[in-house]
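Colleague: Please work out how this folds:
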Amino acid sequence: MYKEKTILALIPARGGSKGLPRKNIRPLLGKPLIAWTIEQAKAGKYIDRVVVSTDDEEIAEVAKKYGAEVPFMRPKELARDDSPTIDAVLHALEFFSEKGEKFDLLALLEPTSPLRKRGDIDRGIEILLNSKRKATAVVSVGKVTLEHPTIMKKIDSEGFLIPFIEAKGIYQRQQLEDVYFPYGVLYLSFTEAVRKYRTFYQPKTLPLFIERWQNYEIDDYYDLLCTEAILKEKISEVL
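Modeller: Below is the predicted model:
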């Protein structure tokens, strides 16, 4: 049933990045960061097309070198610091629609989350297409451990620490309710649903659980250092 569905893998990679300049093409264990995600997408059993959405010519050239398509350049107004990623997603879908090309599913793969286990993308697609509950989307999530919202604090108007979430009693970490953070390993949706809701967090979105060591996204230099160290240790599970 899977190959009856056409699936587009879209990798968003704008040129501007203040936290870690040029991060999408920074070297990570010998190849550009974006190359890891391109190769992981191309290794997926069900992905039909791997496309990079970028506003940057250098990123476009690197992407094509590693086997991705760059059939369009993202407009600058969709590549600002405050530009929602969903706008780039809808722009890509509209580009293909105008060419008469339609896809049943769209997999959004963030290049800043290269710690994908072999088969994660396929597993997410299988979860969605095997769903008996009419799910329309799947989002990868990692369990929050140290930074649980019940433990977090904020600063009040007088400069004092107060709870971020008001909770009764004192909790041990082991007693806290499980909560999850969405990481960019995979955002997956039926294309019609993502058009309708303009988000991957839809009324019927299922989780793709990832392991603790995958809970990293590269937004600054320290993220890059951590990810590189983990990747060295887990390279056999990633490639």
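Colleague: For the longest strand along the chain, give the mean pLDDT please.
Modeller: Longest strand in the chain, counting residues (DSSP state E): strand 180-190. Averaging pLDDT along strand 180-190 gives 96.
Colleague: now swap in stretch 232-239 and tell me
Modeller: Rounded mean pLDDT across stretch 232-239 is 92.
Colleague: One more: stretch 119-137?
Modeller: Stretch 119-137 comes out at a mean pLDDT of 95.
Colleague: contacting residues for the nearest residue to P149 once chain neighbours are set aside?
Modeller: In this structure, P149 finds its nearest non-sequential neighbour in I165, 5.4 Å apart by CB to CB, 6 or more residues apart in numbering. To be clear about C-beta, it is placed using only N, CA and C from the backbone, and glycine gets the same treatment. Taking CB atoms under 8 Å, 6 or more residues apart in numbering, we find I165 in contact with P149, T150, M152.
Colleague: Now list the buried members of the residues you listed.
Modeller: T150 (16 or more other CB atoms under 10 Å).
Colleague: Regarding the protein, what is its longest helix?
Modeller: Determined from DSSP state H, the single longest helix within the chain is helix 221-238.
Colleague: Dump the C-alpha coordinates for that helix into PDB.
Modeller: The C-alpha trace of helix 221-238 is given here as PDB (Å, rounded to 0.1, in the frame of the first residue of the first chain):
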ATOM      1  CA  TYR A 221      28.000  26.000  18.300                       C
ATOM      2  CA  TYR A 222      27.400  24.000  21.400                       C
ATOM      3  CA  ASP A 223      24.600  22.000  19.700                       C
ATOM      4  CA  LEU A 224      27.000  21.300  16.900                       C
ATOM      5  CA  LEU A 225      29.700  20.000  19.300                       C
ATOM      6  CA  CYS A 226      27.200  17.800  21.100                       C
ATOM      7  CA  THR A 227      25.800  16.400  17.900                       C
ATOM      8  CA  GLU A 228      29.200  15.700  16.500                       C
ATOM      9  CA  ALA A 229      30.200  13.700  19.600                       C
ATOM     10  CA  ILE A 230      27.000  11.700  19.600                       C
ATOM     11  CA  LEU A 231      27.300  11.000  15.900                       C
ATOM     12  CA  LYS A 232      30.800   9.600  16.300                       C
ATOM     13  CA  GLU A 233      29.400   7.200  18.900                       C
ATOM     14  CA  LYS A 234      26.200   6.300  17.000                       C
ATOM     15  CA  ILE A 235      27.400   6.400  13.400                       C
ATOM     16  CA  SER A 236      26.600   2.700  12.800                       C
ATOM     17  CA  GLU A 237      22.900   3.400  13.700                       C
ATOM     18  CA  VAL A 238      22.600   6.500  11.700                       C
END
